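Trainee: this is the structure alone, sequence omitted:
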DNA sequence: CGGCAACTGAGACTCAGTCTCAACCGCAAA
DNA sequence: TTTGCGGTTGAGACTGAGTCTCAGTTGCCG
């Protein structure tokens, strides 16, 4: 998995540059993150580490996630749930999310026309954008075929594996 | 304030239709919400009620907000912060938000081209949308003129009057 | 009157996330 | 080798938004 190692190196560089140390805990976390998960939350990550027989405390997970966000390797996103999720910043292109409220699937997309139009709107309103965040909630193709209905749109609760694990 | 009373009536109708009761607490809350606030969070509302010398418990505030959302008079939104905000559903047209990360101002906009393009994307991905959510974070005109810089985009914390009040 | 269903406030609880603190771990200067 | 020092860690206390429970209240209807 050269991909993963490239990320490990990048993160180490970032740490050293900040006068911080590439500890075994940090490396284990970033390896886990970049080898499997694409979208995940802190708890999922914590659980995975436990499965891997690597003892890492909650505090360290959160601290490392903060560093990863600062380093630009990971992004913190809202995905329609009431807590944060994280995702890889793979290439560099910003993307948005379709979130299936039945099965929890997350489909990414990037659309230049959408981006352009947003820039236009900001210009018109004299607003200087730094960041944006678009989620479209709904039902994915697979779930629609199965005839699944979404939860009421006012209060979306996705199926959440984390909860079940506890 | 005929506007407010129209909303009170609408909510009462909704309640009766559901076999629920338009109590004094519920009416007081909806009156407060529709007479001043446009965007607010549960805590702000609770505080306002205390100021008005109306004793209403936190549980009731949350319960009423849930009912208001169900009735369609109020919408629950993410505004870049780590807890929910609520807003009036005035006309019916969906709108999105520009959120100034310096002063906390919220600017609404509706853009049909943006909506249309989103529908196109969903079609292409065979996704059935029920709802969407777009926030553009950045700096508003007034703050930009004052030369204010935004917080780091990775971790936006808006100025939050609620906290200061406590 | 009695019963019943909706309603309320107080406070316990949950859960994600943060913070504190003592212990630890190199490493480098003395 | 010892000492000191900054960064690091885990355990667990803490916070704050939001939810839930429960006992007591209200108002309606037979």
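Mentor: Okay, I see it. Just so it is clear, the model here is predicted, and its values are computed rather than measured.

Trainee: make it CA atoms for all contacts and neighbour counts henceforth
Mentor: Noted.

Trainee: per-domain residue ranges of chain A.
Mentor: A:1-89, A:93-166 (automatic domain parsing).

Trainee: out of the ones you listed, the one nearest chain B is which?
Mentor: Counting by C-alpha to the nearest C-alpha, chain B lies closest to domain A:93-166 out of these; the figure is 4.0 Å.

Trainee: look at the nearest residue to residue A:22 once chain neighbours are set aside and tell me its secondary structure.
Mentor: Distances taken as C-alpha to C-alpha, 6 or more residues apart in numbering or on different chains put residue A:12 closest to residue A:22, at 5.5 Å, once the chain neighbours are dropped. Following DSSP: H, G, I helix; E, B strand; the rest coil, we place residue A:12 in the helix state.

Trainee: isn't residue A:12 up against residue A:24?
Mentor: No: Residue A:12 is not in contact with residue A:24 according to C-alpha atoms under 8 Å; the separation is 11.0 Å.

Trainee: these two - which one has more neighbours?
Mentor: residue A:12 (19 against 8; other C-alpha atoms under 10 Å in any protein chain shown).

Trainee: gap between that one and residue A:60?
Mentor: Separation of residue A:12 from residue A:60 (C-alpha to C-alpha, to the nearest Å): 16 Å.

Trainee: next: residue A:113.
Mentor: 40 Å.

Trainee: same thing with residue A:124?
Mentor: 44 Å.

Trainee: higher neighbour count, the two?
Mentor: More crowded of residue A:124 and residue A:60, by other C-alpha under 10 Å: residue A:60, with 14 against 9.

Trainee: and the helices in chain A?
Mentor: A:2-17, A:24-35, A:42-51, A:58-71, A:112-124, A:141-145, A:161-165 (DSSP state H).

Trainee: could you check whether the third one is close to DNA strand C?
Mentor: This points to helix A:42-51. Yes: Helix A:42-51 lies within reach of DNA strand C by C-alpha under 7 Å from any atom of the strand, at A:42-43.

Trainee: so for that helix, mean pLDDT?
Mentor: Mean pLDDT, helix A:42-51: 92.

Trainee: I'd like the mean pLDDT over the top strand by length along chain A, please.
Mentor: As assigned by DSSP state E, the longest strand anywhere in chain A is strand A:128-139. When pLDDT is averaged over strand A:128-139, the result is 90.

Trainee: isn't residue A:110 up against residue A:96?
Mentor: Yes: applying C-alpha under 8 Å, one finds residue A:110 in contact with residue A:96, separated by 6.2 Å.

Trainee: more neighbours: the two, which one.
Mentor: Shown here are residue A:110 and residue A:96; by other C-alpha under 10 Å, residue A:96 has more neighbours (19 against 13).

Trainee: pull the contacting residues for that one.
Mentor: A:108-110, A:133-135 (C-alpha atoms under 8 Å, 6 or more residues apart in numbering or on different chains).

Trainee: please redo it, this time with the cut-off set to 6 Å
Mentor: By C-alpha atoms under 6 Å, 6 or more residues apart in numbering or on different chains, residue A:96 lies in contact with A:108-109, A:134.

Trainee: between the residues you listed, which sits nearest DNA strand C?
Mentor: residue A:134 (17.9 Å; C-alpha to the nearest atom of the strand).

Trainee: show me what contacts the closest one?
Mentor: A:96, B:133-134.

Trainee: could you find the closest non-adjacent residue to it?
Mentor: residue B:134 is the one closest to residue A:134 (C-alpha to C-alpha, 6+ apart), at 4.3 Å.
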